[in-house]
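K.L.:
sharing a model that was predicted from the sequence below.
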Amino acid sequence: MPVDLSGGVLCSGNIVYDIVVSPVEEIRWDATTWVDNIEPHVGGNGANTSITLAKLKVPVRLLGAVGPDDFGRFTMDALRHAGCDTSRITKASLPTATSVVLVNQAGVRSFQHRPGASREVFLAPIPFHADLVGKHKHYHLANIFGLPGLRPHGGETLRRARSAGLSTSLDTGWDAKGEWLTVLGPCLPHLDLLFVNESEARILSGQPVPAAAAAFFQDHGVETVVVKLGSKGCAVFNGPTHFRIPTFKVNVLDTTGAGDCFAGGFLAGLHAGLDWMDAARWGNAAGALSASQLGSTTGLLAQNEFLQFLLTAELL
């Protein structure tokens, strides 16, 4: 079905309190290492994508959970400040999901993650009733692998979203449990748009290059596949049409959440009525801006400044 973002986006995903530490080049046990930065940031695939959408003037309602703690209050404040609809975020009994994010001088990161409240949400397929859906026309699932409760029935949730008249998208993320296609496979027939990075695409499909991986996902029911290529931009496979779009030159400080912000920027471009190629440019811009500052969403710009960045930034 056509991807329709005209009414905004319903987004399911984790909401995480990130503790970002940099620069960290090695871990030395039984020793003390001095670092330059230890900072709190809002994070999580659902939160990062939703904040990107909200900053780019896309109505977005985030579904997820936080804990009854200061970390939860911090993340909720950040989401509301960005303009996200938080009315369907529940309060779990477990602590807010938290990651310690170790970032080296090249901006590459390693996560130590506690799922926490994410374990208590999406324990059954989402019922897309009229009150939940509202005016939204699109459903985005941000990293099914990061949502323990949703892993067994992601396919059924996406089927229900389509039955409710919503177009659908999913951003894969990394599977720390190593179940990969066992979890994602049932989702593929119910997806209009799949976001996946290069290494995830290789693991999930068993194919060595993006084009072959995209063909694998399309053979399993996905109409459009977007492969995130990091500093090489992205590749879009829409039916028989495919193309690559370079990304923008920035000083990379932290790649945490850049893929989530890419997905948000891409969807925001579609909401703005752009074609696939220009939507990909919006995705690349959002991802590059995310990587230019510590924290997933710190570098994001409001819509006017974002559009100026698109016009003036140098391509890599």
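P.N.:
In hand now; what should we look at? Numbers count the residues shown, from 1 in each chain.

K.L.:
in three-state terms, label P148 for me.
P.N.:
At P148 the chain is in coil, as set by DSSP: H, G, I helix; E, B strand; the rest coil.

K.L.:
run a quick neighbour tally on it.
P.N.:
Number of residues near P148 (other CB atoms under 10 Å) recorded here: 17. Glycine gets a C-beta too; all of them are placed from N, C-alpha and C.

K.L.:
helix, strand or coil: sort out the residue nearest to it when sequence neighbours are not counted for me.
P.N.:
Sequence neighbours aside, R119 is the residue nearest to P148 in space, at 5.1 Å (criterion: CB to CB, 6 or more residues apart in numbering). Classification of R119 using three-state DSSP returns helix.

K.L.:
so R119 touches T96, yeah?
P.N.:
No: at 11.5 Å, R119 and T96 do not qualify as touching, with contact defined as CB atoms under 8 Å.

K.L.:
so between these two, which is more surrounded?
P.N.:
More neighbours surround T96 than the other of R119 and T96, with 27 against 17 (other CB under 10 Å).

K.L.:
quick check on the more buried one: phi, psi?
P.N.:
The phi and psi values for T96, taken as degrees, to the nearest 10, are phi -60, psi 140.

K.L.:
ok, S118 to T297 distance?
P.N.:
18 Å (CB to CB, to the nearest Å).

K.L.:
over to H153?
P.N.:
H153 is 29 Å from T297, by CB to CB.

K.L.:
the two: which has the busier surroundings?
P.N.:
T297 (29 against 19).

K.L.:
that one - that's part of a strand, no?
P.N.:
No: using three-state DSSP, the assignment for T297 is coil, not a strand.

K.L.:
correct me if wrong: it contacts S290.
P.N.:
Yes: T297 lies in contact with S290 (CB under 8 Å); the separation is 6.6 Å.

K.L.:
joint contacts of these two?
P.N.:
N48, T52, G257, C261 (CB atoms under 8 Å, 6 or more residues apart in numbering).

K.L.:
before we move on, which element is the first one in?
P.N.:
With elements delineated by DSSP states H and E, N48 resides in helix 45-55, which encompasses its position.

K.L.:
if I pick the closest residue to A313 other than its chain neighbours, what's in contact with it?
P.N.:
Residue nearest to A313 in three dimensions, not counting chain neighbours: F248, with 4.3 Å by CB to CB, 6+ apart. The contact partners of F248, by CB under 8 Å, 6+ apart, come to N284, A285, A288, F309, A313, E314, L315, L316.

K.L.:
the fourth one: neighbour count?
P.N.:
By the other CB under 10 Å criterion, the neighbourhood of F309 contains 16 residues.

K.L.:
the second one too?
P.N.:
Here the neighbour count serves as a burial measure; for A285 (other CB under 10 Å) it reads 27.

K.L.:
by how many degrees do the helix or strand harbouring it and helix 45-55 diverge?
P.N.:
In the assignment (DSSP H and E), A285 maps to helix 276-291. Helix 276-291 and helix 45-55 meet at an angle of 110 degrees, taking axes from the mean of the first three to the mean of the last three CA atoms, to 10 degrees as the criterion.

K.L.:
measure how far helix 276-291 is from the centre of its chain, please.
P.N.:
13 Å (CA atoms, centre = their mean, to the nearest Å).

K.L.:
can I get that helix in PDB, CA atoms only?
P.N.:
The C-alpha trace of helix 276-291 is given here as PDB (Å, rounded to 0.1, in the frame of the first residue of the first chain):
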ATOM      1  CA  TRP A 276      12.000   8.900  -2.300                       C
ATOM      2  CA  MET A 277      15.200  10.600  -3.400                       C
ATOM      3  CA  ASP A 278      14.600  13.800  -1.500                       C
ATOM      4  CA  ALA A 279      13.300  11.900   1.500                       C
ATOM      5  CA  ALA A 280      16.600  10.000   1.600                       C
ATOM      6  CA  ARG A 281      18.400  13.400   1.600                       C
ATOM      7  CA  TRP A 282      16.400  14.400   4.700                       C
ATOM      8  CA  GLY A 283      17.300  11.100   6.300                       C
ATOM      9  CA  ASN A 284      21.000  11.600   5.600                       C
ATOM     10  CA  ALA A 285      20.800  15.200   7.000                       C
ATOM     11  CA  ALA A 286      19.100  14.100  10.200                       C
ATOM     12  CA  GLY A 287      21.600  11.200  10.700                       C
ATOM     13  CA  ALA A 288      24.600  13.500  10.100                       C
ATOM     14  CA  LEU A 289      23.300  16.200  12.500                       C
ATOM     15  CA  SER A 290      22.700  13.500  15.100                       C
ATOM     16  CA  ALA A 291      26.300  12.300  14.800                       C
END
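
K.L.:
for it, buried residues please.
P.N.:
276, 279-291 (16 or more other CB atoms under 10 Å).

K.L.:
quick one, helices of the chain?
P.N.:
Along the chain, the stretches classed as helices by DSSP state H are 45-55, 70-82, 130-133, 154-163, 181-184, 198-205, 210-219, 258-271, 276-291, 303-312.

K.L.:
which residues does the third one contact?
P.N.:
For helix 130-133, the external contacting residues (CB under 8 Å, 6+ apart) are L10, R88, I126, A164, G165, L166.
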